Each structure stands twice: as C-alpha cells, then as structure tokens.
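Asks: Sequence first, predicted coordinates after that:
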Amino acid sequence: MDAEKEEAWITGIGIVSTLGDGCEANWQALDAGRPAVDQTTFSPYIVHPIAAVDFAKQIPKADQRMMDAWQRIGTYAAGLALESAGIKGNASVLSHTDLLVVATGGERDTTLDCKLLKERRTAANRARLLNEKLMSDLRPTLFLSQLSNMLAGNISVVHKVTGSSRTFLGEEAGLEALRTARARVISGQSDIVLVGGAQNGERKDVLLLCEAGGLALKNEFAPVFERQAGGGGIAPGSFGAFLVIESRSHATARGAQPFARLASVACQRTKREPGGVTRSFDQLWQEMKARASKHGLAVISGASGAEPVTSEERIFLKNLGEAPVRAIGTYTGYGFEAQFSLNVAVAALAASHGALFPATDNSEIERQADGPIERVLVTGAGHWRGEGLALVERMHPPGRMLQ
C-alpha cells in the first residue's frame, strides 16, 4: 500500500459525558452553552458529573457487576462509537478491528482505606494488621477491577472487538494513543481502529491528588481561560470518548461515510520548565503548519485549567492570530488520560458541521467564528506532562452531520 495516498477517516464517534448520552446530546449542549457543574457534592471541590445513563443499552447487567464506574463509562462510549460507525455486531469487521485504550488505574475503596488508617493508629503490630487485611478485606476481584487494561478487556468481551489490543497509561499516553492509531492506519498496519478512553472524575482519591498538588478548582466555578486570576485549577470530569479511525480504502469498500479526516497528530514530552509548554506547542505546530492554513481554522483546546501550563498554552493560542478557540474543559471538566480523545471527537463533530459552538467565556482567547470551519486544530497539554496537537479536516463533499 502507498502510505502517502492513504487517509485516516473518523467514521465513528462515541461520547458520554456530563453533557449527555451520545454525540447529538453533547453537541446540542455545547451549542446551547450549558456547562454542567456540581459545586455541592464534593464541596469545596468542583466536578462535572456523568449524565444520567442507562448502561444496559450497551452493557449487559451481568457484565456491569464486575466493572467500576470508569469501566462502565468507557465500555459504554466504545459501544456508541461502534454503533456510530455501523460496525456494532458485525463480526467480520470487529474480528480485525484493533483496540487502543487510554486508561488510568481503577478506583480505590475509600471506605476501606479510611478503616485501615484508623485501625493502624492503635494496632500493636501494624505489619500483622496489614497482612490480615490483605487476606480478608482486599479481595482479588477488587484488585483486578482496578487494573488499567481491564477496560480494554471489557470492551473486547462485551463488544467482541477481537483485533490486536493495547492499553496506554498516563496523560502523555492519551496523545500517543491517537498518534499511534493514525500512524497504523496510514501505514497500512491497521484497516480500522477503535481508540479512546474514560475517566470517572467523581472520586475522592482524584480530588485528594488534585488538592495535594495545589491543582484543585475550589469554591466557585469559572471557565478554563478565566481561572488564571484565581491561580487556576482542575475540575475533574466524568466522561468516555471513543473514535473509530479507518483507512479511506477500507471505509470506502464498506460504504462508510466519515465525519472528518484525521490529517495529522504530533506529540512529545518536554521538560516542564518556564515556557516549556509554549515552546513544545510551537515545535509541534511547525510539523503541520503548512497543511493547516489559517483560513477556516478553529481550535478545540483541551486545557485543564492548571497553572502554569494553561497560561503557557494561552500564549501559543494567541500567537495563532484570529483563529477562534473553544476550551472543552469548561463544559466537560478535565479527564486526564481520556481528555485528548474527547478533544478530537468534538473537533470531528465541529468539522462535520463546518461550525463551532458559541463562545461562553469573557477571555480574549474565545471569540466568535467569522465564517465556516474547514479544519480544527486540537491541543492537549497534560497538567503534569505531555503535549500534543492534532489536525482534523472537513470532508469535501461534506461528511456526516448530526441531525
């Protein structure tokens, strides 16, 4: 196969988030400018909770019992993507669909954690106490459900995706998974790939880690690019986002209609020294600048709100000129490993519509689009490490649009 002539098409999108269940619900909420925020359940911390979802529509109840929330969210979103691509239940296609999953570790049993810490204070023999708890309270099935590759396993079992499988771990891996998916399709190593991730932001252990690092958004919600004045902060989000990325030849042969073209993905991990994120984005931009004419260019930013990384991304975005920007984290919260998959999914929806959803904050970064959108630049910068850019292009004639 001539790799230079192949293209990577996005033929399926599955999103479940705080904004709703499915692409249409999420796009309508974005178009209406309705961030969904919970400022009370974990007060003073702010989270974006998952919308009401009937997981049984994609996951048999017997399988749900062995899954933590993040696994249910991810397996559900993966099913939506397969359904969107028209290959759910199609054994002949699923048998060679490769699976790339971005996942964190599983959820802790905070009740047990607190009990252990309390008993440890008065235990005569702390080592013996821990050993007893390992033998009794910490069940093997609980440990297994916390392994990151269990999400890939559950997707394979529930949806019968039986091609090769990889699990990526870490914020930078969220970028690398999309880069790998596209590279495999362009090179001819894969005809079709299911790629994405999931995050449950409604976890006390996640909030504890954000607080310990001085990264938690507290007390009052603000859009991502308006948090700088208060020192920044992350509002974790619960969501799953998966994409079906397919070679043009494979998609054409089965009559699939794409949402958009995934034209480029580039990522790296720079030293997080002052100005490092801006320089990293500038370097990555040079790799795709020639293809990304500023005419009809928009930006979907995956900025987390954490500082100083968000301010350094702002510098890069301002240097792009008049391209309108939307920070998806304002609406959905930040999803760590899963964030870049969501960013690219929303960019594909924007490209398929040829339009952006309205700006809703008062920063000079977010501005109204002056005309139709032809290509969308996607940014991703982890709060701790990893930077990446993707370029999503509108199809001509236009690809699929939501009704």
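Replies: Cool, got the structure. Because the structure is a prediction, the values reported are computed rather than measured.
Asks: What segments of the stretch 151-300 of the chain are strands?
Replies: Counting by DSSP state E, counting those that start in this stretch, the stretch 151-300 of the chain has strands at residues 165-168, 192-199, 239-247, 260-268, 297-301.
Asks: Which parts of the stretch 251-400 of the chain are helices?
Replies: Per DSSP state H, counting those that start in this stretch, the stretch 251-400 of the chain carries helices over the ranges 276-288, 309-319, 329-332, 339-353.
Asks: end-to-end on stretch 178-197?
Replies: End-to-end distance for stretch 178-197, by Cα to Cα, to the nearest Å: 11 Å.
Asks: and it, how far out from the chain's middle?
Replies: When C-alpha coordinates are averaged (Cα atoms, centre = their mean, to the nearest Å), stretch 178-197 and its chain have centres 16 Å apart.
Asks: One more: stretch 293-306?
Replies: In terms of Cα atoms, centre = their mean, the centre of stretch 293-306 is set 15 Å apart from its chain centre.
Asks: now stretch 374-391
Replies: Put simply, stretch 374-391 sits 11 Å off its chain's centre (Cα atoms, centre = their mean).
Asks: tally of neighbours for Lys218?
Replies: Lys218 is flanked by 18 other residues according to other Cβ atoms under 10 Å. (Each C-beta comes from the backbone N, C-alpha and C, glycine too.)
Asks: distance of it from Leu207?
Replies: Applying Cβ to Cβ, to the nearest Å, the value for Lys218 to Leu207 is 10 Å.
Asks: Find the residues that touch each one of those two.
Replies: Listed contacts common to Lys218 and Leu207 are Tyr45; contacts here mean Cβ atoms under 8 Å, 6 or more residues apart in numbering.
Asks: winner for burial among the helices of the stretch 251-400 of the chain?
Replies: Most buried of the helices of the stretch 251-400 of the chain by mean neighbour count (mean count of other Cβ atoms under 10 Å) is helix 339-353; its value is a mean of 30.
Asks: Send me that one as PDB with only the CA atoms.
Replies: What follows is helix 339-353, C-alpha atoms only, in PDB (Å, rounded to 0.1, in the frame of the first residue of the first chain):
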ATOM      1  CA  GLN A 339      -9.000  14.100  27.600                       C
ATOM      2  CA  PHE A 340      -7.400  14.100  24.100                       C
ATOM      3  CA  SER A 341      -9.800  11.500  22.800                       C
ATOM      4  CA  LEU A 342     -12.700  13.800  23.700                       C
ATOM      5  CA  ASN A 343     -11.000  16.800  22.200                       C
ATOM      6  CA  VAL A 344     -10.600  15.100  18.900                       C
ATOM      7  CA  ALA A 345     -14.100  13.700  19.000                       C
ATOM      8  CA  VAL A 346     -15.600  17.200  19.500                       C
ATOM      9  CA  ALA A 347     -13.300  18.600  16.800                       C
ATOM     10  CA  ALA A 348     -14.600  16.000  14.400                       C
ATOM     11  CA  LEU A 349     -18.200  17.000  15.200                       C
ATOM     12  CA  ALA A 350     -17.300  20.600  14.600                       C
ATOM     13  CA  ALA A 351     -15.600  19.800  11.300                       C
ATOM     14  CA  SER A 352     -18.600  17.800  10.100                       C
ATOM     15  CA  HIS A 353     -20.900  20.800  10.800                       C
END
